[in-house]
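K.L.:
Following is a predicted model, sequence given first.
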Amino acid sequence: MAVNKESIKLLEEKARQLKILKDKHGKRRPVLIEFCGTPKSGKTTSISALNIFLKRNGFNTELIHEMAIFCPITNKTHPHFNTWTLFSSLTELIKHYSNNNIDFILVDRSIFDALCWFDWLNTSNDESPYLDDQTFLSYENLLIGSKIISSLFSLTLVFKANPDICIKREFSFLLTDKAGSIMNKHVLSSFNKSIDNCLSKYKNKFNEIVVFDTSDEEKPEEVNRDVTEKTLDSLLNLIKEDIGYLPQELANRLKEGVNDFSVLSAEILQFNDRDSVEKTNNIQPIPIAVITNEDKSKVLIVKKSEKKAEKGSPERNRYLLYMGGHIRQEDKHNDENSLLDVFKNTLNREIFEEIGESIYPKEINPFLIYNSDNPKSKKHLAICFTIKLKDFEFKNFKIVSEELVKKTGTSKSGHTLSIEEVTLDFANDFEPWSLAILKHVFGKAPSKNQIELFGENSISDN
């Protein structure tokens, strides 16, 4: 049964609206989607249909094909086969993941699929499995132990089908009716059990998993429609984003300027979509990082793009001594993460998205900066980490975020400057958070003009 024209029009209109939103607000990274499941369950057909739809509606896509067909290992029941295909897929994925020009990366079999096959290798032969328990647990811990890898995927689409249907589809294109080492009823049935087992065990380790039963051969177009709709929803979620917030009562316990991190000792982070949070007076914690050298004589400065900074934001058209951003749901890798862990996870992601570096702060006592003399500022709280890099002098930092001014022309955005140069030439271009950092981290008191410009309370340590 074909999808009616009205459904197609609705999908195309949804795609049009999303493209407008994407162009207006930008996106942090590509939407990463994995297709996986029972062999011959319709994954490749759905990927192809989705890829064509996205391209014809103005989105840039990258398709990563199933790596199993290229695997040089012939024994498909040896763990090396699954290991090779998994890491080959990850290699291709990582190659494209930092490309902000790509809207969607569509992957035919990746992490969840590998987990299912490792589970099958570990359970299909109870008495003599292909994969021992200890090795299985090592693979499991690597892939979903910290949720770092699995959280890359915005959406995981799992296709399941009755083994008889899958075998029928396999033989419809072949000139033989002999079963294969994988394409036989016993393996497909036991693999479907592994899929169910992995859905039960790992569902909370992935951002979103959607299961499609494709056994009904009369409705492939409906599956493609549902896949496309879910994909567009994932892009919407990435643009709209759920952000972390703390109760507005916290403001009563904050003083102007620098605060001790212990103020947050009893706080519990909550999440909601950004538009809803912005309409309240709840406090939005913003983990930020000051990147400097070991003796704190130099610092990396960046400048917020005027087009990307909101009206009324103190950061608008200002140089910053820090980088960072809102906490997102994905930054809470697991329920055991403390508030400090979530802040560090956020910074690790933000630094990668802004300058393409992988830096994880180990500081256990960051300081807070609060400034209430601006309607925007009073709803935001900086959690400031100082990151001292031993190889700072050899770094050539590159701005990769659309939110920051690129390292071009006469702009100093993305450059490393001496603290003396910062104090003498750029301090008047800083907002209150940067001025507080200048004093608290680098021991440089603001000039009289800066105090008059921002107010003494804005930069006070007291």
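P.N.:
Looks like it came in fine. Residues are numbered from 1 along each chain as shown.
K.L.:
Once you drop chain neighbours, what's closest to residue 96?
P.N.:
What sits nearest to residue 96 in space, not counting adjacent residues and going by Cβ to Cβ, 6 or more residues apart in numbering, is residue 62, at 4.8 Å. Placement of C-beta: from N, CA and C, glycine included.
K.L.:
Which of the helices or strands spans that neighbour?
P.N.:
Assigned by DSSP states H and E, residue 62 belongs to strand 61-64.
K.L.:
Next up, the contacts around residue 259.
P.N.:
By Cβ atoms under 8 Å, 6 or more residues apart in numbering, residue 259 lies in contact with 367-370.
K.L.:
how about the residues you listed, which pair is most distant?
P.N.:
Farthest-apart pair in those is 367 and 370; separation 10.5 Å (Cβ to Cβ).
K.L.:
okay, the two: which has more neighbours?
P.N.:
When residue 367 and residue 370 are compared for neighbours, residue 370 comes out ahead with 24 against 21, by other Cβ atoms under 10 Å.
K.L.:
Would you agree the more buried one is in contact with residue 381?
P.N.:
Yes. Residue 370 lies in contact with residue 381 (Cβ atoms under 8 Å); the separation is 5.5 Å.
K.L.:
hang on, isn't the residue nearest to residue 96 packed against residue 101?
P.N.:
No. If you go by Cβ under 8 Å, residue 62 and residue 101 don't touch, sitting 9.7 Å apart.
K.L.:
Looking only at neighbour counts, state which of the two leads.
P.N.:
Between residue 62 and residue 101, counted using other Cβ under 10 Å, the more crowded position is residue 62 (20 against 8).
K.L.:
partner residues bridging the more buried one?
P.N.:
Here residue 62 sits in beta bridges with residue 105, going by DSSP bridges.
K.L.:
Distance check, it against residue 161.
P.N.:
Noted for residue 62: a distance of 27 Å to residue 161, by Cβ to Cβ, to the nearest Å.
K.L.:
again, but for residue 69
P.N.:
On the measure of Cβ to Cβ, residue 69 and residue 161 end up 20 Å apart.
K.L.:
Looking at these two, which is more packed in?
P.N.:
Set residue 69 next to residue 161 and count neighbours by other Cβ under 10 Å: residue 161 wins out with 24 against 8.
K.L.:
can you pull the contacts of the more buried one?
P.N.:
Counting by Cβ under 8 Å, 6+ apart, residue 161 touches 37-38, 40-42, 213-215.
K.L.:
Just the buried residues from those, in ChimeraX please.
P.N.:
Buried residues among these (16 or more other Cβ atoms under 10 Å), as a ChimeraX selection:
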select :37,38,40,41,42,214,215
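K.L.:
which two in the contacts of residue 161 are spaced the farthest apart?
P.N.:
Counting by Cβ to Cβ, the most remote pair of the contacts of residue 161 is 40 and 213, 13.8 Å apart.
K.L.:
Which helix or which strand is home to residue 227?
P.N.:
helix 220-240.
K.L.:
Tell me the helix or strand right after that helix.
P.N.:
That would be, after helix 220-240 and using DSSP H and E, strand 242-245.
K.L.:
List of residues touching that following strand?
P.N.:
269-274, 277, 280, 282-285, 326-329, 331, 342.
K.L.:
Let's see stretch 419-434 as PDB, backbone CA atoms only.
P.N.:
Extracted in PDB, the C-alpha atoms of stretch 419-434 (Å, rounded to 0.1, in the frame of the first residue of the first chain):
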ATOM      1  CA  ILE A 419      47.800  38.600  30.000                       C
ATOM      2  CA  GLU A 420      49.500  42.000  29.700                       C
ATOM      3  CA  GLU A 421      48.200  42.400  26.100                       C
ATOM      4  CA  VAL A 422      44.700  41.300  27.200                       C
ATOM      5  CA  THR A 423      44.700  43.800  30.100                       C
ATOM      6  CA  LEU A 424      46.000  46.700  28.200                       C
ATOM      7  CA  ASP A 425      44.300  46.300  24.800                       C
ATOM      8  CA  PHE A 426      41.200  44.200  25.200                       C
ATOM      9  CA  ALA A 427      39.800  44.500  28.700                       C
ATOM     10  CA  ASN A 428      37.400  47.200  27.600                       C
ATOM     11  CA  ASP A 429      35.900  44.700  25.100                       C
ATOM     12  CA  PHE A 430      35.100  42.100  27.800                       C
ATOM     13  CA  GLU A 431      31.900  41.400  29.600                       C
ATOM     14  CA  PRO A 432      31.500  40.900  33.400                       C
ATOM     15  CA  TRP A 433      32.300  37.200  33.400                       C
ATOM     16  CA  SER A 434      35.600  37.800  31.600                       C
END
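K.L.:
got the buried residues for it?
P.N.:
By neighbour count on 16+ other Cβ under 10 Å, the buried set for stretch 419-434 is 419, 422-423, 426-427, 430-434.
K.L.:
Ok, stretch 404-417 next?
P.N.:
Buried residues in stretch 404-417 (16+ other Cβ under 10 Å): 404-405, 407, 412-414, 416-417.
K.L.:
What of stretch 325-336?
P.N.:
So for stretch 325-336, counting by 16+ other Cβ under 10 Å, buried means 325-328, 330-333.
K.L.:
Format those residues as TSV; extra columns: secondary structure, distance to residue 236 and pLDDT.
P.N.:
Below are the buried residues of stretch 325-336 laid out as TSV (DSSP: H, G, I helix; E, B strand; the rest coil; distance: Cβ to Cβ, whole Å; pLDDT from 0 to 100):
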residue	secondary structure	distance to residue 236	pLDDT
325	coil	19	94
326	coil	17	94
327	coil	20	95
328	strand	15	90
330	helix	15	82
331	helix	19	88
332	coil	21	85
333	coil	23	76
